[in-house]
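**Student:** curious how this folds, go ahead:
(one chain, ligands or ions: 1)
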Amino acid sequence: MSLQIIVMVKQVPDTHNVSGDAMKPDGTVNRAVLPAIFNPEDLNALEEAIKIKETIGGKITAITMGPPNAVKILKECLYRGVDDVVLVSDRKFAGADTLATSYALKCAIEKVEKYDLVLCGRQAIDGDTAQVGPQIAEKLNINQLTCVSEIVEVNETDITIKRSIENGHEFLKSNMPVLLTVTNEANEPRTPSAKLAVAYKNISGKTSDESYDDEYLESGIDDPISYIKEWNVESINADPQLCGLSGSPTKVKKVQSVVLTASDVKQIQNTDEGIAELINELTEEHIIG
Ligand SMILES: Cc1cc2nc3c(=O)[nH]c(=O)nc-3n(C[C@H](O)[C@H](O)[C@H](O)COP(=O)(O)OP(=O)(O)OC[C@H]3O[C@@H](n4cnc5c(N)ncnc54)[C@H](O)[C@@H]3O)c2cc1C
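**Tutor:** Residues are numbered from 1 along each chain as shown. Have a look, this model is predicted:
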């Protein structure tokens, strides 16, 4: 049995470690001062793909759309056991909203040809919309299972998952092909393999094939890739009008930095009664409870 698995990965600014100058005066994110990291839930999606490959076999392709330096996360994918990686990059993708992003990614997935499973993170920590996965599924016209916290069973024809819903969980089954969005409840992503990191340390993005060098040959990895594929608008057969700014109906009207300031101060007694009174007040105001 061998499944063809595609994992969608995104490089994001590390919004979890925001320093003082992370916002520009106009309220937009100052990407230059925030380190670029692997979107956390994409690592959970990748971990699920690797676990499936280890248990029932398969080939994993990781795809990212981003600037040239996004090859960094594609290398991390190789260090974790991905078989093939693709950078979708072109100035014509600049200014893409989620509609144009999912269109470009759908075209890239179709270029891979055969796929059974497409795995996304639930949400990227910068854009935060959680729209891209479901939009890709709609455009590919395949089933989608969102907010997956566990893959319960998978075989060549169908998959059963557990997903978090308000006040509990539900179990859903779908036939292939299907797109999943995976949450951080699903697993603890593994660390990269030292052996694979050495094997792929010099790999770079190229558009033409090259013969394997000695390090690949000595690595003992079956069929190692020798370059990172780079695809642009033309090579994924995308309509340029549907890409980037021209394909993006979302217009940002205004960016506002909201700073919450305290308007009222109340002192409470450091006693059980004082604390109980505060809790009552917060409950009545629906702030807690
Ligand atoms: C008007 C407008 C203009 C914009 N202009 C730009 C711009 O110029 N440059 C820019 O960087 N961003 C721009 N953005 C932001 C960009 O649209 C989003 O970053 C992108 O669409 C992904 O949305 P998200 O971050 O909400 O991802 P989510 O929907 O939260 O992501 C869910 C999952 O989808 C997958 N995914 C998402 N994005 C990618 C990707 N790029 N590659 C592979 N997988 C992915 C991942 O698995 C991810 O976990 C713009 C947005 C708007 C509204």
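**Student:** residues of stretch 4-23 that come out buried?
**Tutor:** 4, 5, 6, 7, 8, 9, 10, 11, 12, 13, 14, 22 (16 or more other Cβ atoms under 10 Å). For every residue, glycine as well, the C-beta is placed using N, CA and C.
**Student:** again with stretch 175-188
**Tutor:** Neighbour counts using 16+ other Cβ under 10 Å place 176, 177, 178, 179, 180, 181, 182, 183, 185, 186, 187 of stretch 175-188 among the buried residues.
**Student:** where does the stretch 151-289 of the chain get nearest to the ligand, which residue?
**Tutor:** Of all residues in the stretch 151-289 of the chain, residue 250 sits closest to the ligand, at 3.9 Å by Cβ to the nearest ligand atom.
**Student:** show me the contacts for the nearest residue to that residue once chain neighbours are set aside.
**Tutor:** In space, and not counting its chain neighbours, residue 250 is closest to residue 97: 3.8 Å by Cβ to Cβ, 6 or more residues apart in numbering. Listed by Cβ atoms under 8 Å, 6 or more residues apart in numbering, the contact partners of residue 97 are 248, 249, 250.
**Student:** repeat for residue 187
**Tutor:** Residues near residue 187 by Cβ under 8 Å, 6+ apart: 44, 47, 48, 51.
**Student:** now, which of those sits nearest residue 200?
**Tutor:** Proximity of the contacts of residue 187 to residue 200 (Cβ to Cβ) peaks at residue 47, which lies at 18.4 Å.
**Student:** report the secondary structure element holding the residue in the stretch 101-250 of the chain that the ligand sits nearest to.
**Tutor:** The minimum distance from the stretch 101-250 of the chain to the ligand, using Cβ to the nearest ligand atom, falls at residue 127 (2.0 Å). Assigned by DSSP states H and E, residue 127 falls within no helix or strand.
**Student:** show me where the stretch 151-289 of the chain has strands.
**Tutor:** Secondary structure of the stretch 151-289 of the chain (DSSP state E, counting those that start in this stretch): strands at 158-165, 168-175, 178-182, 205-206, 228-231.
**Student:** what's the least confident stretch among the ones you listed?
**Tutor:** In terms of average pLDDT, strand 205-206 trails the rest of the strands of the stretch 151-289 of the chain, at a mean of 65.
**Student:** quick check: residues of this protein near the ligand?
**Tutor:** Residues of the chain that fall close to the ligand, judged by Cβ under 6 Å from any ligand atom: 8-10, 39, 41-42, 63-66, 94-98, 101, 105, 120-121, 123-124, 126-133, 248, 250, 252.
**Student:** buried members of those into PyMOL, please.
**Tutor:** Buried members of the residues of the chain next to the ligand, defined by 16+ other Cβ under 10 Å, are picked up in PyMOL with:
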select buried, resi 8+9+10+39+41+42+63+64+65+66+96+97+98+101+105+120+121+123+124+126+130+131+132+133+248
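**Student:** residue 42 and residue 21, how far apart?
**Tutor:** Separation of residue 42 from residue 21 (Cβ to Cβ, to the nearest Å) stands at 26 Å.
**Student:** run a quick check on residue 148 versus residue 182, I expect a contact.
**Tutor:** Yes - under the criterion of Cβ atoms under 8 Å, residue 148 makes contact with residue 182 at 5.0 Å.
**Student:** what do these two both touch?
**Tutor:** Joint contacts of residue 148 and residue 182 (Cβ under 8 Å, 6+ apart) are residue 48.
**Student:** ranges for the helices of the stretch 151-289 of the chain?
**Tutor:** With DSSP state H, counting those that start in this stretch as the criterion, the stretch 151-289 of the chain has helices at 194-199, 214-219, 272-284.
**Student:** mean pLDDT lowest for which of those helices?
**Tutor:** Lowest mean pLDDT of the helices of the stretch 151-289 of the chain: helix 214-219, a mean of 47.
**Student:** distance check, the residue lying closest to residue 3 once chain neighbours are set aside against residue 119.
**Tutor:** Nearest non-adjacent residue to residue 3, counting by Cβ to Cβ, 6+ apart: residue 58, 3.7 Å away. Distance, residue 58 to residue 119, by Cβ to Cβ: 11 Å.
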